[in-house]
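In: below are the sequence and a predicted model for it; my questions follow.
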Amino acid sequence: MRGWLLAAGWAAASSTAAVAAEPSSRGIVYAPAPGWVVAAPVPTTSATPPGMPLRVIYADTQVRLGADADETHTAYRVKLLAPEALPLGNVTLEWSPATDRVTVHALRILREGQVIDVLAGQKFDVIQRENNLERSMLDGALTATLQAPGLRVGDELEFAVTVRRRDANLGGLSQGFTQLPPSGVLGSYRLRFLSPKDRGVRWRATADLVAPSVAVRGTEEERVYELRDPQSVIPAEGAPARFALHRTLQYSTMADWAAVSRQLWPMFDAASRLKAGSPLHAEIDRIARASTEPTARVEAALRLVQEQIRYVYVGLDGANYRPASADDSWTRRFGDCKAKTVLLVAVLRGLGIPAEAVLVNSAGGDGLDQRLAMPGVFDHVVVRATVDGRSYWLDGTRLGDRRLATLPAPGFRWGLPLRAAAAELEAVEPVAPTVPLAVMELEVDASAGYAVPAKVAVRHIIRGDEAQAIRARLVSLTAADADRAQRAYWREQENWVEPSRTTWRYDEDGGVVVLSLSGEGKPSWEGDDKEGRSLDILGAGFTPPAPLKRPKEQDQTIPWATDFPRFRCWATTIRLPANGPKRRWSVAAKPVDRQLGGVDYWRQAWLDGNVVRTVMSRRTYRPEISAIEAGQLNEALAGFDNNISRVFEVAAGDDVTKPTAAAAFLARPIDWSSSEAPCLAPERRRTGSHTVRAGS
């Protein structure tokens, strides 16, 4: 089923996975469709364009929202017109046995007036394969597969199934998203909903969804959306994520965000309460004895959860929303985001630190405030701790967070605190990074002359999740294999350098991986002794941004997404050869300090005799820019300084470009692996304990 739905670009109606449920079903029931299901929609009669691999006769989703359970009936009939459509015969179902009951009604092949009942001689094979086991995820989902035998081009394939779902941990409330096809695949499409008139279902549709027909059928309200031979939606290129929803309907029986918070809070609150004899009390006492400083206590608690509890997502037996208790997680020494959150909350509260669980969306959740209240819009939960009136977002599933002062800014836009009292969806303002996630430091000693290779030292300083991934890989290798892996990396990054030694180290305090390369390489000198020498400075020239333009048929008023929070810095030092007779070195690297299209561009250069130093950075400080700002960027591209910085010889009597006073900090040694390394203009660097002054 999923294969053709994806091919047609259409998503069927679905409710979010539930937690606790009626007696589970690990098998498939074969029976006629329930009585509330009506006949499939009438096919369209338009001609099929040449070259199409399939024709959708109909695609029908009917949903009945009941007081004790929701039922979703999905049926389709599709004609196979080319070999590319034959994989539709691989029919697959997936469900959670803790919450769902699956009833298959029909699987037929229609061929030249003949109806072949596939289920008469073959049934679905059911397996539990844990699709995401390699990502440490156990969800208990079951998969059923059936290969329709004898399927050939020209056949029509017809299938119908109903899934009954009961979500007890949500108090019998209903939630879900449905969608009519955004792509222009010809056919007859329908979404039909039945719900008790007094159920209090709330509906929210995107502006491009067809208006429904609404009728009363006894004690139920019927809502029907139909789409026949649709044209493709024209999405706006480069738009933020909230503009990606098309022909989509959301439904929920939850009144507001406070209702969602109140529904889930009791499970999290109960799970975070420690037993009287819990061994976690000893851990809390140990942390408390080590320091009286609240900041140090929070850091120790976070480290305890990140390092002592390995991450394993557990969705078995309806645990998709219900967290394991803090005591159970500590005993098992594994847990998912829910388990790690309640464990961290328990420890922090034991230390007297205010803390609460907050639901978030790991993909950012852009536009979440424009959706109906429901747990299904969240896929992650973190802890918000308060120290001296300031909030800190703590994620127990991460690794390497050592200092509150250097925690990465939250990547989510909205959060819902779980509280007994009323809680509303809260905006989380995006914070521009002040410390680069990557610094490329290059030192070239060419003082021995032009004819011999220069001595080269390169360091790549990596922070954040990438640093943890690199560290995890390298520590798992033998010394010889780690060296080979590093050399392969450097061949991709600096293939002009012949390596003599590679090393790496991990700064645990700062969560920084430093990859180092030393060797020899020949700089790309230009010129000769007679005309003078010159050299392009690596890591000191900006690539101009791409113009932001959309085809005229797209909405020109929609904002543009950026690559926020990308922040990279390049630092280059070159020790130049001694000048020829009556020559001296000069540098062409104009200072840059400008903001364009939500991006900071900054560059400084310093020349002291035969040593030139440059620093350059590019930081995206906003998640999106308006259409007006995009137009301003396009207009500014002609004057964008994308010149490659160069150092070159001039006659001794000629004027030499002198660096500005603002670049004087480059005259002093700088530890570019420090969080205080000057990779931004002074006024944009971190304040407080991490203030960096020019020249420091």
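Out: It's in.

In: so which bits of stretch 288-299 are buried?
Out: Within stretch 288-299, the residues scored as buried using 16 or more other Cβ atoms under 10 Å are Pro294, Thr295, Arg297, Val298, Glu299. Using the backbone N, CA and C atoms, a C-beta is placed for each residue, glycine as well.

In: hmm, Thr386 and the second one touching each other?
Out: No - proximity of Thr295 to Thr386 does not meet the contact threshold set by Cβ atoms under 8 Å, at 11.5 Å.

In: would you turn the buried residues of stretch 288-299 into JSON lines with secondary structure and distance to Ala546?
Out: Output for the buried residues of stretch 288-299, formatted as JSON lines (DSSP: H, G, I helix; E, B strand; the rest coil; distance: Cβ to Cβ, whole Å):
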{"residue": "Pro294", "secondary structure": "helix", "distance to Ala546": "46"}
{"residue": "Thr295", "secondary structure": "helix", "distance to Ala546": "42"}
{"residue": "Arg297", "secondary structure": "helix", "distance to Ala546": "47"}
{"residue": "Val298", "secondary structure": "helix", "distance to Ala546": "42"}
{"residue": "Glu299", "secondary structure": "helix", "distance to Ala546": "41"}
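
In: how far out from the middle of the chain is stretch 656-673?
Out: How far stretch 656-673 lies from its chain's middle: 37 Å, per Cα atoms, centre = their mean, to the nearest Å.

In: straight-line length of that stretch, end to end?
Out: End-to-end distance of stretch 656-673 (Cα to Cα, to the nearest Å): 32 Å.

In: which outside residues touch it?
Out: 439, 441, 459, 461, 507, 510, 512, 514, 569, 571, 584-588, 591, 604-608, 613-615, 650, 677-679, 694-696 (Cβ atoms under 8 Å, 6 or more residues apart in numbering).

In: which of the residues you listed are buried, as a ChimeraX select command?
Out: Buried members of the contacts of stretch 656-673, defined by 16+ other Cβ under 10 Å, are picked up in ChimeraX with:
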select :439,441,459,461,507,510,512,514,569,571,584,585,586,587,588,604,605,606,607,613,614,615,650,677,678,679
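
In: restricted to strands, list the contacts of stretch 656-673.
Out: Among the contacts of stretch 656-673, the members found in strands (DSSP state E) are 439, 441, 459, 461, 507, 512, 514, 569, 571, 584-588, 604-608, 613-615, 650.

In: once you drop chain neighbours, what's closest to Ile309?
Out: Distances taken as Cβ to Cβ, 6 or more residues apart in numbering put Gly335 closest to Ile309, at 5.3 Å, once the chain neighbours are dropped.

In: these two touch, right, that neighbour and Ser325?
Out: No - counting by Cβ under 8 Å, Gly335 sits too far from Ser325 to count as a contact (9.8 Å).

In: the two - which one has more neighbours?
Out: Set Gly335 next to Ser325 and count neighbours by other Cβ atoms under 10 Å: Gly335 wins out with 27 against 21.

In: give me the beta-bridge partners of the more buried one?
Out: Tyr311 (DSSP bridges).

In: ok, which stretches of the stretch 101-250 of the chain are strands?
Out: In the stretch 101-250 of the chain, the strands defined using DSSP state E, counting those that start in this stretch lie at 114-117, 125-127, 137-138, 142-147, 156-165, 175-179, 188-196, 202-205, 213-217, 220-228, 248-252.

In: let me know which of these is the nearest to Ala259.
Out: strand 248-252 (9.4 Å; Cβ to Cβ).

In: helices or strands up against the very next helix or strand once past the closest one?
Out: Once strand 248-252 ends, the next helix or strand along the chain (criterion: DSSP states H and E) is helix 257-271. Packed against helix 257-271 by the contact rule (3 or more Cβ pairs under 8 Å, 6 or more residues apart in numbering; DSSP states H and E) you find helix 337-350, strand 355-360, strand 414-417.

In: so for the last one, mean pLDDT?
Out: It refers to strand 414-417. Averaging pLDDT along strand 414-417 yields 97.

In: please name the residues that touch the closest residue to Arg505 other than its chain neighbours.
Out: Closest residue to Arg505 apart from its sequence neighbours, by Cβ to Cβ, 6+ apart: Val514 at 5.2 Å. Taking Cβ under 8 Å, 6+ apart as the criterion, Val514 is in contact with Arg459, His460, Ile461, Ile462, Trp504, Arg505, Tyr506, Asp507, Ser673.

In: closest to Pro50 among those residues?
Out: Comparing those against Pro50 with Cβ to Cβ places Ile462 closest, at 52.1 Å.
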